[in-house]
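1. Mind folding the following:
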Amino acid sequence: MAQSRTAVGFGTTTRRDAWWLELIPVVLVLGAFTVYATWRTFENAYYEFGPYLSPFYSPLIKPRWWPLSPAILILWAPLGFRATCYYYRKAYYRAFFLDPPACAVGESHPHRYRGETTFPFILQNLHRYFLYVALIFLVILWYDAISAFWFDSPGGKHFGIGGGSLVLLANITLLSFYTLSCHSLRHIIGGNVDCFSCVAMGGARHSTWRVVSFLNEHHMLFAWLSLFSVGLADLYVRLVASGSIPDLRLL
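-> This is a model prediction of the structure:
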């Protein structure tokens, strides 16, 4: 008796839901952000206004020997952290590479899975090291956000609140949640520990691990919110620096 064969091929699935709908916003948002960030990186203008500094250009490094945009010197770090992020890998592998398009959905061609063991995908293993750099950038961006509340005056610096102050504060808050909810950070803190009571500072590590685990449950949400916030923070600084809009002063 002949055996029935399951059809294979791109898009082949027994799923009844519109699985492809979730790919559309990923393509649109990540695609638009990539185009905008690339343009802003090479524009090399309108990244400072008063105490505000665009996160795309922070820390601002302008050596005399570098003729191009200073953003090129530093954006490799946040870009590397996001590009190797476990959630973003899933998102862009599916949306842009269609590999696979979704769970239980046929791919464009059969291939033998070898994991991320060949170039350039083997570079995904650098995610933990990009995390270390991202933590340093958090400190820098928190300094920028705090500095955004101190404005120049004839008598020196004075405390104030502007639209940019709140935008930069919201941005670094969301970036902090995104970074601190990282899967690699959770593993470093306690994911590799079998017995918290058997290691030094086990109680403190367990408490910290529980907090990071709670944040990790919302890592996807923080990934998207922080992507929007960093883009909007740069856009706000550009608009006020170019004179397109006035900075809203609340105090």
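2. Run through the stretch 51-200 of the chain and note the low-pLDDT ranges.
-> For the stretch 51-200 of the chain, applying pLDDT under 70 flags the ranges 108-115.
3. where along it do the helices fall?
-> 71-74, 76-83, 86-95, 127-147, 163-180, 183-186 (DSSP state H, counting those that start in this stretch).
4. Quickly compare those helices and say which is most buried.
-> helix 163-180 (a mean of 21; mean count of other CB atoms under 10 Å). In this view, the C-beta of every residue, glycine as well, is placed from N, C-alpha and C.
5. got the contact list for the residue most central in space within the chain?
-> For the chain, the residue nearest the mean C-alpha position is R82 (4.4 Å; CA atoms, centre = their mean). Neighbouring residues of R82 by CB atoms under 8 Å, 6 or more residues apart in numbering: Y88, A223, L227.
6. Kindly recompute the last result at 7 Å.
-> R82 is in contact with Y88, counting by CB atoms under 7 Å, 6 or more residues apart in numbering.
7. What distance do you get for it to V133?
-> 12 Å (CB to CB, to the nearest Å).
8. Could you report the separation of G31 from G156?
-> Separation of G31 from G156 (CB to CB): 45 Å.
9. neighbour-wise, which of the two wins?
-> G31 (13 against 7; other CB atoms under 10 Å).
10. in a helix, that's where the more buried one is, yeah?
-> Yes - assessed with DSSP: H, G, I helix; E, B strand; the rest coil, G31 lies in a helix.
11. thinking again about what came up before, nearest to R238, out of the helices of the stretch 51-200 of the chain?
-> Ranking these by proximity to R238 (CB to CB) places helix 163-180 first, at 10.9 Å.
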